[in-house]
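Q: 3D model of this:
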Amino acid sequence: MTFDEKQRLTRQGDIGKEASGVRIRAARLAIGKSQAELGKAADVKKAAISNVEQGLSLPNRELMRYLYREHRIDFNFLMHGDFNHLHQDVQDSLFFQLERLENGPDQISN
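A: Alright, predicted model coming up:
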């Protein structure tokens, strides 16, 4: 995958709700959790995660803190799409999920 393709998949530089929602959903899928499981782990309501993934709101601090502390997915990726500083294994998991979402988001369960 080229650098340009990675930038496109992460929507690098886009700080909007929809782009952040796509990145949050990819992160959730990369760590293998449902919305309910992620909500419980991060002490956030499932509805809040659903709203973020739908692009209705931005992720809150608790969710971002959990993803960073437990899974090494940091604020810069979640909010801006910056991926260069992420560990390679984290990048690999995220890009796999971002490609899946791009190719058929309706085929991926919550």
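Q: So, low pLDDT: which residues of the chain?
A: Counting by pLDDT under 70, the chain contains low-confidence ranges at 105-110.
Q: could you pull out the helices for it?
A: 3-10, 17-30, 35-42, 46-53, 61-71, 75-80, 88-103 (DSSP state H).
Q: Switch the ones you listed over to a markdown table; also include mean neighbour count.
A: (C-beta placed from N, C-alpha, C; glycine too.) Listed next are these as a markdown table, based on neighbours: other CB atoms under 10 Å:
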| stretch | mean neighbour count |
| --- | --- |
| helix 3-10 | 15 |
| helix 17-30 | 22 |
| helix 35-42 | 18 |
| helix 46-53 | 19 |
| helix 61-71 | 16 |
| helix 75-80 | 19 |
| helix 88-103 | 16 |
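Q: which residues touch the residue nearest the centre of the chain?
A: Centroid-nearest residue in the chain, with CA atoms, centre = their mean: Ile24, separated by 2.4 Å. Taking CB atoms under 8 Å, 6 or more residues apart in numbering, we find Ile24 in contact with 49, 52-53, 59, 63, 78.
Q: Would you mind giving those as JSON lines with distance to Gln88 added?
A: Output for these, formatted as JSON lines (distance: CB to CB, whole Å):
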{"residue": "Ile49", "distance to Gln88": "26"}
{"residue": "Val52", "distance to Gln88": "26"}
{"residue": "Glu53", "distance to Gln88": "25"}
{"residue": "Pro59", "distance to Gln88": "24"}
{"residue": "Leu63", "distance to Gln88": "24"}
{"residue": "Leu78", "distance to Gln88": "18"}
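Q: Just give me the closest of those residues to Gln97.
A: Nearest to Gln97 among the contacts of Ile24 is Glu53, at 12.2 Å by CB to CB.
Q: if I look at the closest residue to Ser93 other than its chain neighbours, how far off is Leu63?
A: Using CB to CB, 6 or more residues apart in numbering and skipping residues adjacent in sequence, the residue nearest Ser93 is Ala30, 3.9 Å away. According to CB to CB, to the nearest Å, Ala30 stands 14 Å off from Leu63.
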